[in-house]
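**Student:** let me see the structure of the following:
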Amino acid sequence: MNSFSENSNPEKELKQKKTATLTINKELTINELFNFISKKTNYDFFFNSNLPNLNKKVAVNVQNASVSTVLDIAFEGLDIEYSIKVNDIVVRQKGTRSNKQEKILITGTVYDDTGIPLPEANIIIKGSNKGFVTDFDGKFSISVNPTDILVFSYLGFQNQTIIVDSKKTTLAIYLQPDVNVLNEIIISGVASGTSRKKLSVSVSKLNSSSLEKAPQTSVSSSLQGKVAGVSVNSFSGSPGSSSNIVLRGSTSIKGGNSPMLLVDGVIMGGSLADINVDDVESIEIVKGAAAASLYGSKAANGVIVVTSKRGKNLTTGKTSITIRNELGFQKVANLLDLSTSHHYRLDPTWLDTDTYTKYQFVNYPSDYVSGWDPRITGNRVEKDDHYQDLPYRVNNDLQEQMFNDGTYITNYIGVGHKSEKTNLFVSFENNKNEGVVIETGGYDRQSFRLNIDHALSDKINISASNNYIRTNNDFLGGGTSAFFEVASTDPDVDLFKKNIDGQEYNFYPNQWNTQFANPLYDLWKKESTAAKSRLLSSYDFNWKLNSVISFKASYAFELEHYDNKILSPKTTINDLLPNYIDPSADPQVLNQSNPFALSYTGGALSKRNYKALNQTFRATINFKKSWGDLDFNGKLSYLNEDNHFESTTTSATSFILNDFPIFDNFDPTTIDATDFRSDIRATNYFAIASFVYKDRYILDGLFRIDGSSLFGENERWQNYFRLSGAYRLTKDLEIPGIQELKLRAAYGTSGLRPGFGDKDETFSINDGIASKNTLGNKDLKPSRSAELELGIETSFLDRFRFEATYSKTKVTDQYLLAPLASHTGGFPYQNVNAGELESKTFEAMLNAKIISTDDINWEATLTFDRTRQKITKLTIPEYRTGPRNTFRIKEGETFGTMYGVDFVRTLDQMQEQLTAGENINDYSVNRDGVVVLTSDIGTVNEKPFVLVDENGAEKVQKIGDTNPDFNLGLNTTFSYKNFSLYLLWQWKQGGDLYNHTAQYLVRDNRLGIIDQIHTRPENKKTVDYYQALYDADAINGYWVEDASYLKLNEASLYYTLNDKTKSFSNKYIEEIKIGIIGRNLWTLTNYTGYDPQTGSDGFLFDNFGYPNFRNYSLSVQVKF
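**Tutor:** Numbering: from 1, shown residues only. I've put the predicted structure just below:
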């Protein structure tokens, strides 16, 4: 087989500033001589691997000699001849070059390193503009001159150069993977598939091998901690819930910072939570406006492009089958710290009971066991010292009673096949995720995929991608109030006691607080379910007109049906009441033999369903041409979008009959129905061109025009553009130890479309009466994001790869809801373009192949990012937003800041607000870091002081900032023979989180910090002190916590049996892979809630959400 020297490169230009004469005085082999001459001159050597005398040593002693003189001396007496052609020196064995100039027909096949044919591999005749491509099966047949040199190339593989040999006209070319760019061919945001080395913008990529190390339940959660500049927060641990994904910080003040999503060409309206990871071939993350300019007015938040697996990577005639089964369990990762004591006086005989806590001054019936009982008289009385330091007689862990270990199951089969003209990939997945709360079924998903590629001819092929997904979700009956209720309930109750009518879970388990029903009752009694079906389909027609021009037409759609039902049966308990003998009597007398009476809600039913159909049609003309050292790629494209959405919500109360949950079973006057419909259309045109000169100077430009029905009438069309460039320094400079060094810069724009109805006049209709909501705006524009991106990429020491990117983004024309002071035309509000948001991001990645031997391999990747963002302009009055209006939107303020009152923390602050006659020496800072009167410490009078302004009013100020100092991720894989260990660590430093869960638990004296039972007497605090910190549930600085954490987010240990490890050989089974997998395994944090990765409504605000949980499983995968 032919080969070429390690210094050869078919696209390499003349080495600059190097002499064409040589001085040599030493003995060296022929091969060493070739290398020496190549480094010192402009020449590259080409020769066959079987060239004789390559290792023969020759003595060369010349001064300022020409290259031909040196070679004549070295080849004297050897069976070798050479010819010089411009900058190439072709060396042959004497007698192998044909003297005839007739054309030679060279045929063969191009394969990858595993023997899989490579369709559309490029073949060029070196030094000419002639180029060819292999057919669908990697075959080629070309006519060449006897002196030609052929260069074979394919994205992701090293080029191979072959010298034409008239005696060897049938070739089998095996291209070797380029370890620096394998799986780094980028298809997103560029004119055509581009090697990372030639990319002028920042695009990150995850391939299937990295996703399969610890497969997550969805694509969205698979991004966590793996890519710099990508923030993934699971604000809810509820099975099937989507993660909140933000790329390089926020771009929208109003909210909605999720990136644009594409799956196999389908522009998705839904989330990635339902997409099966086992089907994914790669995920590309296009971060920032510059890289995402190609996607126009929907892409200011960045773009995530998911590509599914296909059959094209198989050998022709081969069928591949993969079966994977995973079985595991889930466990809540952390519990809230709750109080195990109280501050009420105990009855002297309190130890005589063992089912409840007996309080002084309370009269209990003799048969009392637990729960609310109308026969109980009297009330609990607080101790004089108000310390919460007395034990309950019964101390149940109610959180443990509500949480249980759920089952996690994944069954997957994928079948791929490749024939001469057709590729096929079909798969099925069944996933069950029970979650960790009792009386709920969790999340079930079935996913079916069918991908087909078929070549109608050598020039025309068609493709189809189809993914049908069916999900069923059994939510918490009664919603997340169960987490609030279970934490707020005293621990001496019996949650499992039955009601008097035989229903499960005693409705009022706590005698002393009937505000909270039994949290388990709603979970058991009420039904909250959702069924969703999604069909993602795309169909492509590709026509290669010639070697320069090709045409592609695509139609894609996402069809989604959703049905949600919330049911409270007719027998749902509403209240537990005293049963009076005669309710109308005065005074009322309790029926002692049957003291309880139940009231029922009569039931309720709510159904919501929607249908969404998002369609796109795209037509593209692609251009690909080379002129000598200049390579050009370009495309012109037209895109039409048509999105339709309609929904209906119907609700009713008080069933007529039991056990018939239909709307015909209600009084029609109780039925309420609403519906909604939207149609959104957009037309887009764009052009992109990429120029690469001499493989090192890269210039990229694009222009896009978007027209959308969401834009105001006067702003219907919007323009976007990008200009980017890169320079590969190592193509011109030889830097010891550095294999690749590239500098890149880009400037581009993209946008964010307003919501449906934002530009229109809107009204509310109630009982046939219309009221005005928002005034229309013909000048409403999409937000425009303009980004400058600077980057450096390098590979060095043959084992390290480093990337760093700095970006500065300015998002103008923020569309916001503005109050109309004069109620123009009777409208109180109008959507206007009224703000600017600036952000700066630095992100870096370092990959290291630490050890690489036959038996041991160790690779690690470190990611780092830091973002700062500020509201630089706001032309409407500042306002507060988010849960409980905790977050302030204000010009000059950092985006993501919390505002509220705070307590005096220092004596200097206290000094500023002392009144006449008060002495600062009377005050001190207590153990909680707040200023109190020294004489009050440890007494019922100890209370913090609220900061006030110059007028004596409570001072509202900045109390927290949700932006982290930095994020860092480390994923590492260590392999020894058949074993492979994978770990993914995440470190988030800084960034605040408002712990409203903790604050609200203080209201009912249930938070663990109130517990004084193990506190030294001199350090005890009263319940009154903590109630002052609760501050009547006002947003205040005491409940702002540092949300820093270090997490072991993923881990897996696999044992693999296959032919490659020489541990297994079977005619039918290719590989067996057995592993244990863990997810969300360990967290180090000072945050006191369930998890620092939590939030509410997209904000970092902890408000009794479903906690994230750990997952442990066993996986067995077999490939045939």
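**Student:** where in the protein is pLDDT low?
**Tutor:** Scanning the chain for pLDDT under 70 picks out 1-20, 49, 95-101, 114, 129, 178-183, 823-824, 1060-1065.
**Student:** pull out the buried positions in the top helix by length along the chain.
**Tutor:** For the chain, the longest helix by residue count, based on DSSP state H, is helix 30-40. Using 16 or more other CB atoms under 10 Å as the test for burial, helix 30-40 gives 30, 31, 33, 34, 36, 37, 38, 40. Placement of C-beta: from N, CA and C, glycine included.
**Student:** residue 744: which of those is nearest?
**Tutor:** If you rank the buried residues of helix 30-40 by distance to residue 744 using CB to CB, residue 38 comes first, at 28.5 Å.
**Student:** any idea how far that closest one lies from residue 91?
**Tutor:** Plainly put, residue 38 is 12 Å away from residue 91 if you go by CB to CB, to the nearest Å.
**Student:** overlap in contacts of the two?
**Tutor:** Common contacts of residue 38 and residue 91 (CB atoms under 8 Å, 6 or more residues apart in numbering): residue 45.
**Student:** who's sitting farthest from the centroid in the protein?
**Tutor:** Farthest-out residue of the chain from its mean C-alpha position, per CA atoms, centre = their mean: residue 77, at 66.5 Å.
**Student:** and that residue, which of the three is it?
**Tutor:** coil (DSSP: H, G, I helix; E, B strand; the rest coil).
**Student:** how far away is it from residue 94?
**Tutor:** Note on residue 77: its distance to residue 94, by CB to CB, is 12 Å.
**Student:** contacting residues for the residue lying closest to residue 73 once chain neighbours are set aside?
**Tutor:** Take residue 73 and drop its neighbours on the chain: the residue closest to it by CB to CB, 6 or more residues apart in numbering is residue 60, 5.8 Å away. By CB under 8 Å, 6+ apart, the contact set of residue 60 is 24, 25, 26, 27, 28, 33, 70, 73, 74.
**Student:** could the residues you listed go into CSV alongside distance to residue 992 and secondary structure?
**Tutor:** CSV is the format used below for the contacts of residue 60 (distance: CB to CB, whole Å; DSSP: H, G, I helix; E, B strand; the rest coil):
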residue, distance to residue 992, secondary structure
24, 68, strand
25, 71, strand
26, 68, strand
27, 71, strand
28, 66, strand
33, 66, helix
70, 70, helix
73, 76, helix
74, 72, helix
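**Student:** ChimeraX command to pick out the buried ones of these?
**Tutor:** Restricted to buried positions by 16+ other CB under 10 Å, the ChimeraX selection for the contacts of residue 60 reads:
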select :24,28,33,70,73,74
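**Student:** which one of the contacts of residue 60 is nearest residue 749?
**Tutor:** The closest of the contacts of residue 60 to residue 749 turns out to be residue 33 (CB to CB; 54.4 Å).
**Student:** how near is residue 874 to residue 830?
**Tutor:** Distance of residue 874 to residue 830, computed by CB to CB: 15 Å.
**Student:** which one's more surrounded, the two?
**Tutor:** Neighbour totals were compared for residue 874 and residue 830, and residue 830 leads with 23 against 20 (other CB atoms under 10 Å).
**Student:** which residues touch that one?
**Tutor:** Residue 830 is in contact with 774, 775, 776, 777, 817, 818, 820, 824, counting by CB under 8 Å, 6+ apart.
**Student:** could you identify the most distant pair in those?
**Tutor:** 817 and 824 (14.0 Å).
**Student:** of these two, who's got more company?
**Tutor:** residue 817 (16 against 12).
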